[in-house]
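Asks: need the 3D shape of this:
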Amino acid sequence: MNKPVYLLRVALQAILISGIYFLYCSNPDGSFTMRIGLVLVWLILSFASQFYLMKFRGLYPISQATAKAKGEAVGEMNFFVAVALLVAYDLFGPIIAVWFYFWDKRLGTD
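Replies: From the prediction side, this is the model:
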């Protein structure tokens, strides 16, 4: 993944995680009460796991040569799939990172 795209994804993930935290801390009357607890720790872990998830090779299982033969780029992905993955990474980042870690190890042993 090239550097500007990587930095853009880091920024988008930070915005999405901030939005999730804002919604979590919003009160029914429209006020905002900052809460420090498990959700905040989870979102911080989720953000930290993004650095591994963004480089996970299992999402792009075809080789560069195969992609060129098909006229595609290895990193091409449907927009809605990409947005769904970003939201899933934010909500379930640590769980997905552990799962992808073991998947990556399995791909490496084949």
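Asks: which regions of the protein sit below the pLDDT cut-off?
Replies: Residue ranges of the chain with pLDDT under 70: 1-2, 55-64, 66-67, 71-79, 107-110.
Asks: give me the residue at the spatial middle of it.
Replies: Tyr89 (3.8 Å; CA atoms, centre = their mean).
Asks: Lys70 versus that one, what's the distance?
Replies: Note on Tyr89: its distance to Lys70, by CB to CB, to the nearest Å, is 26 Å. All C-beta spots, glycine's among them, are computed from the backbone N, C-alpha and C.
Asks: which strands or helices does the longest helix seen in the chain pack on?
Replies: Longest helix in the chain, counting residues (DSSP state H): helix 79-109. Packing partners of helix 79-109 (3 or more CB pairs under 8 Å, 6 or more residues apart in numbering; DSSP states H and E): helix 3-25, helix 38-53.
Asks: need those in CSV (columns: distance to Val81).
Replies: Shown next, in CSV, are the helices and strands packed on helix 79-109 (distance: least, CB to CB, whole Å):
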stretch, distance to Val81
helix 3-25, 14
helix 38-53, 14
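Asks: tell me which of these is the most buried.
Replies: Stretch with highest mean neighbour count among these: helix 38-53 (a mean of 16; mean count of other CB atoms under 10 Å).
Asks: how far does that helix sit from its chain's centre?
Replies: Mean-position distance between helix 38-53 and its chain equals 10 Å (CA atoms, centre = their mean, to the nearest Å).
Asks: same deal with stretch 14-34?
Replies: 20 Å.
Asks: what's the end-to-end length of that stretch?
Replies: Start to finish, the residues bounding stretch 14-34 are 17 Å apart (CA to CA, to the nearest Å).
Asks: which other residues reach that stretch?
Replies: Here stretch 14-34 makes contact (CB atoms under 8 Å, 6 or more residues apart in numbering) with Arg35, Val39, Leu40, Leu43, Ser46, Phe47, Leu86, Val87, Asp90, Leu91.
Asks: helix, strand or coil for the residue located most distally from the centre of the chain?
Replies: Farthest-out residue of the chain from its mean C-alpha position, per CA atoms, centre = their mean: Asp29, at 31.5 Å. Put simply, Asp29 is coil when judged by DSSP: H, G, I helix; E, B strand; the rest coil.
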